[in-house]
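Student: Give the three-dimensional model of this entry:
(2 chains)
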Protein chains: 2
Amino acid sequence: MSELFLQRAIALAMENVNSGQGGPFAALIVKDGKIIAEGAYRVTSSNDPTAHAEIEAIRQACRVLGSFQLSGCDLYASCEPCPMCFGAIYWARPDRVFYAATAADAAAAGFDDAFIYEELRRPPTGRRLSITQFFHPDALRPFQAWLASSSKKPY
Amino acid sequence: MSELFLQRAIALAMENVNSGQGGPFAALIVKDGKIIAEGAYRVTSSNDPTAHAEIEAIRQACRVLGSFQLSGCDLYASCEPCPMCFGAIYWARPDRVFYAATAADAAAAGFDDAFIYEELRRPPTGRRLSITQFFHPDALRPFQAWLASSSKKPY
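Tutor: This is a model prediction of the structure:
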């Protein structure tokens, strides 16, 4: 863990607010001791609800590396990842993740990621958003095609 | 719920496999009875670990609508959303979500989203990926700047 990288993520989050580009969140990806990608919260300025700092940094780092995996990389974030970013981190597979402020700190500033964490822990029928499974006779056909495909690239 | 839209999502997932563009997943967004965006799994073909079908469809729908929110929209997916997509759906706030295959079906084809769901439920110290908080004296400064900012766009 390098405090300098955490400091840089916090400074980027400050810049993002002060420049009016979005919320108080930033993240960066480090490989071999160097920053290879940076990202900040751009949801409202880019009309993209997935444009959280960690997602932006992960996508940029993958472009730089020409890879869909971040092995050998560390992710530094100004704040604890929300469930979406938590999932993205698991799919991207960096070696380690470090963050400064907590989800509780974010909640105190009006960003209540805790709500989504709670929803994830609820049974589907008890959630505020309706997410419903429907039987369809063809539902398994894409998986059957995938398993039979000789050109698939698993990961 | 319209079976036709679910059928279309499944057909797109089939197409995605058969064309060699990626895994067996697709999603689409419907507003006022019409499909406004479609997305399919492009992680490996676009070197973007966040390019799941739901994320692709949400980003495209937001571009079409010029909005970072999907109120009045339904999301149809060929398969149950993973935790990353679950989070993205909550941030995008469509009215309803419908899906065909289950996470267990995906796991049987080698896509084990269940692992990430399990990790989310574990205490941070018990997780396979190291996600660690470090105290930094400036950690709260971005939030203080945000709360003091007059140009902020909350959501």
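
Student: Report the distance from the longest helix along chain A to the chain centre.
Tutor: For chain A, the longest helix by residue count, based on DSSP state H, is helix A:3-18. Chain-centre distance of helix A:3-18: 17 Å, with C-alpha atoms, centre = their mean, to the nearest Å.

Student: and the residue lying closest to A:Met14 once chain neighbours are set aside, what is it in contact with?
Tutor: Once flanking residues are discounted, A:Met14 sits nearest to B:Pro142: 5.1 Å by C-beta to C-beta, 6 or more residues apart in numbering or on different chains. Where C-beta positions appear, they are placed from N, C-alpha and C, glycine not excepted. Each residue near B:Pro142 by C-beta atoms under 8 Å, 6 or more residues apart in numbering or on different chains is listed here: A:10, A:13-14, A:16-17, A:24-26, A:78-79, A:101.

Student: so B:Pro142 is in which element?
Tutor: Assigned by DSSP states H and E, B:Pro142 belongs to helix B:141-148.

Student: buried set for the longest helix of chain A?
Tutor: Neighbour-count burial for helix A:3-18, counted by 16 or more other C-beta atoms under 10 Å in any protein chain shown, picks out A:5-10, A:12-14, A:16-17.

Student: likewise stretch A:132-139?
Tutor: A:133, A:136, A:138-139.

Student: for stretch A:115-134, same thing?
Tutor: Applying 16+ other C-beta under 10 Å to stretch A:115-134 flags A:116-117, A:119-120, A:131, A:133 as buried.

Student: Mind checking which of the residues you listed are in strands?
Tutor: A:131, A:133 (DSSP state E).

Student: out of the buried residues of stretch A:115-134, which one sits closest to B:His52?
Tutor: B:His52 has its nearest neighbour among the buried residues of stretch A:115-134 in A:Ile131, at 15.1 Å by C-beta to C-beta.

Student: Contact partners for the closest one?
Tutor: A:124, B:81, B:86, B:89, B:96-97, B:99.

Student: What strand or helix carries the residue in chain A sticking out farthest from the centre?
Tutor: For chain A, the residue at maximal distance from the C-alpha centroid (C-alpha atoms, centre = their mean) is A:Pro137, at 33.6 Å. Under the criterion of DSSP H and E, A:Pro137 resides outside all helices and strands.

Student: In which helix or strand does the spatially most central residue of chain A reside?
Tutor: Nearest residue to the geometric centre of chain A (C-alpha atoms, centre = their mean): A:Cys85, 2.3 Å. A:Cys85 is part of helix A:83-92, with elements assigned from DSSP H and E.
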